[in-house]
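1. 3D, please:
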Amino acid sequence: MSVKGIIFPTTGLADAKPSLLYINTDDTLATVTAASYLNKVIPVYGNVFSKYQMAMVQTTDQGAVLLQISVAVSTGVITLQAAAGSEAIVLPTVANHIVYATTTGGNLSTANGINIINGGGIYAGLSGTAGTLRSYSATASRGYFEITAVANTGNTALVLTNAAQAAARTITIPDGGQTASSILLTNNATTQTIATGSLALTLGNITAAAGNIAATLGSVAAGTTVTAGTGVTATTGNITATAGNLVAGSSGAAGTVSSFPSTAARGSLKLVAVANTGNTDVTISNAAHGQATVYTIADIGAATGGLAATTTPFVMKSVAGAAAAGGAAAQSFTDAFCTTGSNVVGNWATQTNAGQVVKIVPGNGSFVVTSTVDIGAGTFNYIITK
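-> Got it, this is the predicted structure:
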């Protein structure tokens with residue numbers, strides 16, 4: 001490999017300062033710019049080089065390159081180098097990589113691990129040609145994070161931007177656990193749906209300023225506040241206060257607790273408060289029971305009515321069709337529920353002889369019914385309270 005030819009300044013310009021040489025080589029730029037490269041051609045062309053010369057040099061890898069000739073006074077070493085205030089333009093060698101400047105003189109590279117700065121916008125693709133922005137992590141073979149555009153309905157832009165932040169923030173996109181997921185928006189024209197999974201607040205509230213919080217399957221936990229709308233609706237499931245209360249209304253704002261039966265269009269059972277004389281509460285509570293008990297509110301046959309109240313525990317038993325053998329006007333019935341302090345009321349359901357009840361005397365474990373006549377064999381209906 002060598003210098004193939006040198007063209008010197010034309011006649012009359014040999015002493016011009018500066019002057020321009022033309023050097024044709026079959027060497028690379030790295031070889032041409034090595035120290036004493038031109039010293040080897042002095043036997044052929046003579047020592048005609050000076051520091052006032054510039055050379056347009058043809059290289060095999062970079063093409064034509066403009067270089068300055070440097071001559072060391074002490075050693076006589078002649079070197080081709082980048083001109084003062086400029087550098088040789090070294091073109092990149094990695095295909096499909098972004099080219100960036102490594103110096104202010106024009107050196108270019110595509111080496112990895114460098115932060116590249118652009119003073120304006122960066123565009124991936126162009127209208128009609130798709131482009132993506134892709135970021136890889138520091139660990140190999142762990143995928144990448146990509147921003148990819150899809151066609152909008154019209155020729156409009158979707159801009160992702162930030163609000164002013166009071167401090168440094170790191171926002172993480174959680175793993176949705178699904179192949180495809182969507183991001184919830186603070187303002188949306190249609191319904192947004194969390195198809196699977198749960199929405200949990202470690203601290204804070206879920207507030208419906210206008211609308212409903214509905215649990216189609218599941219529950220709404222205690223502490224949920226609905227400031228407007230039609231309420232909290234559980235289409236299937238329960239509304240449960242694990243530790244707390246269910247409150248209907250507030251002081252000065254009426255509220256009703258309604259329970260509906262399983263048959264449609266058959267009314268409901270409601271707990272409705274009316275104003276007391278003072279700021280006092282009415283509490284319905286149970287005494288300790290030794291067994292599961294169901295109490296039924298009887299139909300009073302009127303639009304309005306009241307329940308009897310007592311300051312002591314009050315229990316009642318109803319029996320229909322108690323058998324009587326007859327034989328006397330006074331008939332005894334055994335019932336362990338009865339005591340001498342009980343009240344017993346009743347009447348004959350069936351009787352052989354016509355007659356009416358005169359009196360009923362309770363005792364411990366039994367009571368005696370006295371009629372106007374011996375009614376014979378029959379059945380007796382009664383109620384015992386104590």
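
2. show me what contacts the closest residue to Ala377 other than its chain neighbours?
-> Once flanking residues are discounted, Ala377 sits nearest to Gly326: 4.9 Å by CB to CB, 6 or more residues apart in numbering. In this view, the C-beta of every residue, glycine as well, is placed from N, C-alpha and C. Going by CB atoms under 8 Å, 6 or more residues apart in numbering, Gly326 touches Thr352, Asn353, Asp374, Ile375, Gly376, Ala377, Gly378.

3. Give me the contacts around stretch 141-157.
-> Stretch 141-157 is contacted by residues Ala124, Gly125, Ala130, Gly131, Thr132, Leu133, Arg134, Ser135, Tyr136, Ser137, Leu158 when judged by CB under 8 Å, 6+ apart.

4. Could you find the closest non-adjacent residue to the last one?
-> It stands for Leu158. Asn152 (6.8 Å).

5. Next one: that neighbour from Thr161, what distance?
-> Taking CB to CB, to the nearest Å as the measure, Asn152 falls 17 Å from Thr161.

6. Looking at the two, which is more packed in?
-> A count of neighbours by other CB atoms under 10 Å puts Asn152 above the other of Asn152 and Thr161, at 9 against 4.

7. Quickly find the element holding Ala30.
-> Counting by DSSP states H and E, the element that carries Ala30 is helix 29-32.

8. Check the contact between Ala324 and Thr379; I expect there is one.
-> Yes. Under the criterion of CB atoms under 8 Å, Ala324 makes contact with Thr379 at 6.9 Å.

9. These two: who's more crowded?
-> Neighbour count, other CB under 10 Å: between Ala324 and Thr379, Ala324 has more, with 21 against 13.

10. show me the contacts for that one.
-> Shown in contact with Ala324 (CB under 8 Å, 6+ apart): Gln331, Phe333, Val369, Ile375, Ala377, Gly378, Thr379, Phe380.

11. Just the buried residues from those, in PyMOL please.
-> To isolate the buried members of those in PyMOL, using 16 or more other CB atoms under 10 Å:
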select buried, resi 331+333+369+375+378+380
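
12. out of the contacts of Ala324, which are inside strands?
-> Counting by DSSP state E, these place Gln331, Phe333, Val369, Gly378, Thr379, Phe380 in strands.

13. My guess is the last one contacts Ala322. True?
-> It refers to Phe380. Yes. Contact criterion CB under 8 Å: Phe380 and Ala322 qualify, at 4.7 Å.

14. related to what we said a few turns ago, what mean pLDDT does the helix holding Ala30 get?
-> Mean pLDDT, computed over helix 29-32, is 90.

15. And it, what's buried?
-> Neighbour counts over helix 29-32 (16+ other CB under 10 Å) mark Leu29, Val32 as buried.

16. Identify the residues contacting the helix or strand following it?
-> Following helix 29-32 in sequence order, the next helix or strand is helix 42-45 (DSSP H and E). If you take CB under 8 Å, 6+ apart as the criterion, helix 42-45 is touched by Ile6, Ile78.

17. So in that sheet, which strands flank the helix or strand just after helix 42-45, and in what orientation?
-> Proceeding N to C from helix 42-45, the next assigned helix or strand is strand 53-59, under DSSP H and E. Within its sheet, and counting by DSSP bridges, strand 53-59 is paired with strand 19-25 (parallel), strand 63-71 (antiparallel).

18. Need these in a markdown table (columns: mean pLDDT, mean neighbour count and distance to Pro261).
-> Formatted as a markdown table, those follow (pLDDT from 0 to 100; neighbours: other CB atoms under 10 Å; distance: least, CB to CB, whole Å):
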| stretch | mean pLDDT | mean neighbour count | distance to Pro261 |
| --- | --- | --- | --- |
| strand 19-25 | 89 | 17 | 102 |
| strand 63-71 | 89 | 17 | 93 |
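
19. Out of those strands, flag the one nearest Ser182.
-> Smallest distance to Ser182 across the strands paired with strand 53-59 (CB to CB): 52.9 Å, for strand 63-71.

20. Each with direction, which strands does the helix or strand that comes right after the closest one pair with?
-> Once the chain leaves strand 63-71, the next helix or strand it forms, by DSSP H and E, is strand 78-81. Sheet pairing for strand 78-81, assigned by DSSP bridges, gives strand 63-71 (antiparallel).

21. Low-confidence bits of the stretch 251-386 of the chain, can you list those?
-> Scanning the stretch 251-386 of the chain with the threshold set as pLDDT under 70 gives 307-310, 313.

22. now swap in the stretch 101-250 of the chain and tell me
-> Ranges of the stretch 101-250 of the chain meeting pLDDT under 70: 104-107, 216-231.
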